[in-house]
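*Asks:* just need the structure, nothing else, for what follows:
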Amino acid sequence: GMEDGPPGPLSMSERLTLLRRRQNAWDNLEASSREEVKAPQHIKWHLYGGVLALARKPDSITFTQLPSVFRNIQKREWTIDGIGFAIEEFKVDPSQDLLMMIQSPSK
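*Replies:* Numbering: from 1, shown residues only. Coordinates of the predicted model:
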């Protein structure tokens, strides 16, 4: 059910080996890597499309692109700080480069 992708730095043999390792990992539910994230209780968070978003402060969100050995994706982190209001709720959709935030009501 897979198709050979566009040319890249790996040879066909290397891609086939990687594909077999990936399939074996799924068949046996074996993770190729592990990421631990420590977050306080009641923190707002979302995981979507391989990106973990954590609202660690009332007006900032930290994003972590989770790595993938099989898809050759490196871990990357970035933060949006000083948004200017307290975040009540947020959603992300990396495929659309979209971040939606709801402002907490003023007290």
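
*Asks:* report the central residue of this protein.
*Replies:* Note on the chain: the residue nearest the mean C-alpha position is V51, at 1.7 Å, using C-alpha atoms, centre = their mean.

*Asks:* wait, that one sits on D93?
*Replies:* No - counting by C-beta atoms under 8 Å, V51 stays clear of D93, with 9.4 Å between them. Yep, even glycine has a C-beta here, placed from its N, CA and C like the rest.

*Asks:* ok so, going back, for the residue nearest to the centre of the chain, give me its contacts.
*Replies:* Listed by C-beta atoms under 8 Å, 6 or more residues apart in numbering, the contact partners of V51 are F63, T64, Q65, L66, V92, P94.

*Asks:* buried stuff in stretch 64-81?
*Replies:* Neighbour counts over stretch 64-81 (16 or more other C-beta atoms under 10 Å) mark T64, Q65 as buried.

*Asks:* what mean pLDDT does it have?
*Replies:* With pLDDT averaged residue by residue, stretch 64-81 scores 88.

*Asks:* repeat that for stretch 5-17.
*Replies:* For stretch 5-17, the per-residue pLDDT averages 82.

*Asks:* same thing with stretch 29-49?
*Replies:* Predicted confidence along stretch 29-49 averages 81 (mean pLDDT).
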